[in-house]
Structures are given as C-alpha cells and as structure tokens.
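In: A structural model of the following input is requested.
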Amino acid sequence: MFAISLLVSALAARPASAAELIMFEQANCHWCETWDAQIGPAYPMTEEGRIAPLRKVDIHSRLPADLAGIDPGRYTPTFVLVENGQEVGRIRGYPGEDFFWGLLDEMLQKLPGRPDDGNTIEQPLSLKAI
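Out: As a prediction, this is how the structure comes out:
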C-alpha cells in the first residue's frame, strides 16, 4: 500500500507536459480580446491545449523567472511555444482562427520527441470553418 501511495505521489508531482504556450498580452489589446473570444474557451479542451497548456503573461509585468530567457516582444498578442524553458517557436499577433491553428500546429511539430510524419493535429470540429 505504501508503494502505491508513493508512486501516486511521484506521478502527481511530475508536470503533465513540459511544453507551454505562452500568450504575451496587455490590457486593452483588441486582438488579445478577439483570441480570448474565438479560441480561448475551447483551447484547453483541444489536443493542442493538452500538449501545450496556455499560460498568459502581461508584457508590462515582471517576467516570471522561468521565462527570463524568452523575449516577450512589443506586440500583442505574441504566442511563444516553450519546451523546458527553451523557445520552440512563436506567432506574432493573432491572424484569425483559421490561420492560428495551422501556425500552432507547425510549432507543435517542432517539439522534441514528436514524430514529423506529415500528419497534423486535427482542428476541433467546433472550431472548423463551415
């Protein structure tokens, strides 16, 4: 019984994913608000959201220590895919939901350990253009 509880504790302490999608934003940013309305509610429920959970950071606030080597840029929103503290790729601005998913998929394919088999992540049905 002790071994099982120790194993459960160890698994719970590990991060589910080392990748994160950092959204650098600022107050009164029209395109940040548009992303929040179009993508934000569904993102955590998508495969992309499970691979790289979203983390929002205000560009005018002090950067968290784990993002010290990441340039937030000047324009918002800026999305930076980070794996183990290293930038994998970025999207400057919000190009609309049709382009966002494709650009995000290109970045996710660059994550270490992901097979580059030419397959892309399927966009959620609720977000596909009709």
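
In: what mean pLDDT does stretch 28-43 have?
Out: Stretch 28-43 shows a mean pLDDT of 98 in the predicted model.

In: can you count the residues close to residue 27?
Out: Using other C-beta atoms under 10 Å, residue 27 is surrounded by 10 other residues. Bear in mind the C-beta positions are built from the backbone N, C-alpha and C, glycine included.

In: sorry, slip of the keys, the one I care about is residue 107.
Out: 20.

In: tell me the contacts of it?
Out: Contacts here follow C-beta atoms under 8 Å, 6 or more residues apart in numbering; on that basis residue 107 touches 81, 88, 89, 90, 91.

In: please name the bridge partners of the last one.
Out: Beta bridges link residue 91 to residue 79, judged by DSSP bridges.

In: let me see the ranges of the strands in the chain.
Out: If you assign secondary structure with DSSP state E, the strands in the chain sit at 19-25, 54-58, 78-83, 86-92.

In: quick one on the thing from earlier: got the contacts of residue 107 as a markdown table, with neighbour count columns?
Out: Putting those into a markdown table (neighbours: other C-beta atoms under 10 Å) gives the following:
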| residue | neighbour count |
| --- | --- |
| 81 | 23 |
| 88 | 18 |
| 89 | 18 |
| 90 | 19 |
| 91 | 19 |
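
In: right, and the strands of the chain - which one's nearest residue 72?
Out: Of all the strands of the chain, it is strand 19-25 that lies closest to residue 72, at 4.2 Å by C-beta to C-beta.

In: other SSEs contacting the closest one?
Out: Strand 19-25 sits against helix 30-38, strand 54-58, strand 78-83, with contacts defined as 3 or more C-beta pairs under 8 Å, 6 or more residues apart in numbering; DSSP states H and E.

In: if we can go back for a sec, which one of the contacts of residue 107 is nearest residue 21?
Out: Proximity of the contacts of residue 107 to residue 21, judged by C-beta to C-beta, is greatest for residue 81, which lies at 5.6 Å.

In: ok, back up a step: out of the strands of the chain, which is closest to residue 47?
Out: Smallest distance to residue 47 across the strands of the chain (C-beta to C-beta): 12.3 Å, for strand 19-25.

In: got the angle for that closest one vs strand 86-92?
Out: Computed by axes from the mean of the first three to the mean of the last three C-alpha atoms, to 10 degrees, the angle separating strand 19-25 from strand 86-92 equals 40 degrees.
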